[in-house]
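K.L.:
here's a sequence, model it:
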Amino acid sequence: MTTQIIPRSPTRLAARRFRRNRMAPAGAVFLAVIVLMALAAPLVSGYDPNAVDLSAFREPPSAAHLLGTDSSGRDVFARLVHAGRVSLLVGLMSALAAVVLGALLGALAGMFGGPLDAAVMRVADVVLSFPSLVVVVVLAGVLGPSTAMLVVVFAACNWPTACRVVRGLTLALREQEYVQAARAFGAGRLTIVFRHVLPAVLSQVAVVGTLLVAQMILLEAVLSFLGLGVQPPQASWGNMLNDAQSLTLIQTMPWLWLPPGLAIALTVLAVNFVGDGLRDAVDPKGARA
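P.N.:
Predicted structure coming up:
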């Protein structure tokens, strides 16, 4: 009696490699919880994050206020959950915009080559030569800090990462037989880019995107901590740390800075774990499936 071997699909093999990285599923679960809490913030928190109550000035954690209150009597847990909306939104939107722009330019540069390739790469080199933090500081002073400004500037400063990855993959893909066959049958270069190249590099681009999300969340937190990002009374994890930067508060009231600090650290760590898992999943030379 012979045993029939059922071939497994590439998706199942990738999912298996993802699960083999034990920290990746844990990171994915943690991120799912954080996202759900952020989406359901009004239901989860129970308090208005901007409601000032001077009678509850800097109260420690209690049954009424799970993480205590801040210097304005605002519930720290409510602000933490609502801040997750802002920090995740900035991280996800800016990373998505950077990946879409970078992937498109990288695919066009790799497919067309010549002057277009040279121009895109030189622009990417110029963009990478300017630190994102310096650019945001300058624009915040000129235009005024805002969430929309952060998303636009973060995307504008980080698209070269995806661009270089996709360009390198496109240079290899355009020599493949199926791409050459498509060109022989009359398909234009733009058609090949959108029908063949971009779908083929999607998995690698997803890995780049997850790593960019982690960078953007950290950068937003730094800028908001410096007062150049999300502005009060709107809460973000960065400006919550800004509110607790006094040495006295750090020593005597850890509930004001520890929750947002842990939220930033654990979220970034979870995103990096997911990125590592995706890299293992899409790597055909990874662990044996």
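K.L.:
helices along the stretch 101-250 of the chain, start to end?
P.N.:
114-128, 132-143, 147-173, 177-184, 189-192, 198-225, 237-243, 247-252 (DSSP state H, counting those that start in this stretch).
K.L.:
other residues contacting the last one?
P.N.:
Applying Cβ atoms under 8 Å, 6 or more residues apart in numbering, the contact partners of helix 247-252 are 244, 256, 257. For the C-beta atoms, the positions are set from N, CA and C on the backbone; glycine is no exception.
K.L.:
between helix 198-225 and the helix or strand that comes right after that helix, find me the angle.
P.N.:
As assigned by DSSP states H and E, the chain's next helix or strand after helix 247-252 is helix 258-282. On the basis of axes from the mean of the first three to the mean of the last three Cα atoms, to 10 degrees, helix 258-282 is oriented at 160 degrees to helix 198-225.
K.L.:
ok now helix 258-282, how far from the chain's centre?
P.N.:
10 Å (Cα atoms, centre = their mean, to the nearest Å).
K.L.:
for it, give me every contacting residue.
P.N.:
14-15, 17-18, 20-21, 23-28, 30-31, 34, 67, 76-77, 80, 83-84, 87-88, 203-204, 206-207, 210-211, 213-214, 217-218, 221, 237-238, 240-241, 286-287.
K.L.:
can you show me the CA trace of stretch 55-62 as CSV?
P.N.:
This file holds the C-alpha atoms of stretch 55-62, laid out as CSV (Å, rounded to 0.1, in the frame of the first residue of the first chain):
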residue,chain,number,x,y,z
SER,A,55,-10.1,66.6,42.5
ALA,A,56,-8.3,63.5,41.2
PHE,A,57,-4.9,65.2,41.0
ARG,A,58,-2.1,62.5,40.5
GLU,A,59,-4.0,59.7,42.2
PRO,A,60,-2.2,56.4,42.3
PRO,A,61,-3.7,53.3,40.6
SER,A,62,-6.9,52.2,42.2
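K.L.:
which residues sit against it?
P.N.:
The contact list for stretch 55-62, computed with Cβ under 8 Å, 6+ apart, reads 65, 67, 68, 69, 70, 71, 72, 73, 253, 255, 256.
K.L.:
which one of those has the most neighbours?
P.N.:
Most neighbours among the contacts of stretch 55-62, by other Cβ atoms under 10 Å: residue 69, with 27 neighbours.
K.L.:
ok, that one - contacts?
P.N.:
Contacts of residue 69 (Cβ under 8 Å, 6+ apart): 53, 56, 57, 58, 59, 75, 76.
K.L.:
again, but for residue 192
P.N.:
111, 174, 179, 182, 183.
K.L.:
just give me the neighbour total for the first one.
P.N.:
When neighbours are defined as other Cβ under 10 Å, residue 111 has 21 of them.
K.L.:
and the gap between it and residue 100?
P.N.:
17 Å (Cβ to Cβ, to the nearest Å).
K.L.:
could you do the last one as well?
P.N.:
Using Cβ to Cβ, one gets 25 Å for the distance from residue 183 to residue 100.
K.L.:
let's see stretch 64-75 as PDB, backbone CA atoms only.
P.N.:
Provided in PDB are the C-alpha atoms of stretch 64-75 (Å, rounded to 0.1, in the frame of the first residue of the first chain):
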ATOM      1  CA  ALA A  64     -11.600  53.700  40.000                       C
ATOM      2  CA  HIS A  65      -8.500  54.500  37.900                       C
ATOM      3  CA  LEU A  66      -6.600  51.400  36.900                       C
ATOM      4  CA  LEU A  67      -3.400  53.300  36.100                       C
ATOM      5  CA  GLY A  68      -4.000  56.300  38.200                       C
ATOM      6  CA  THR A  69      -4.400  59.900  37.000                       C
ATOM      7  CA  ASP A  70      -2.100  62.600  35.700                       C
ATOM      8  CA  SER A  71      -1.400  66.200  36.700                       C
ATOM      9  CA  SER A  72      -4.700  67.300  35.300                       C
ATOM     10  CA  GLY A  73      -6.700  64.500  36.900                       C
ATOM     11  CA  ARG A  74      -7.200  62.700  33.600                       C
ATOM     12  CA  ASP A  75      -7.400  58.900  33.600                       C
END
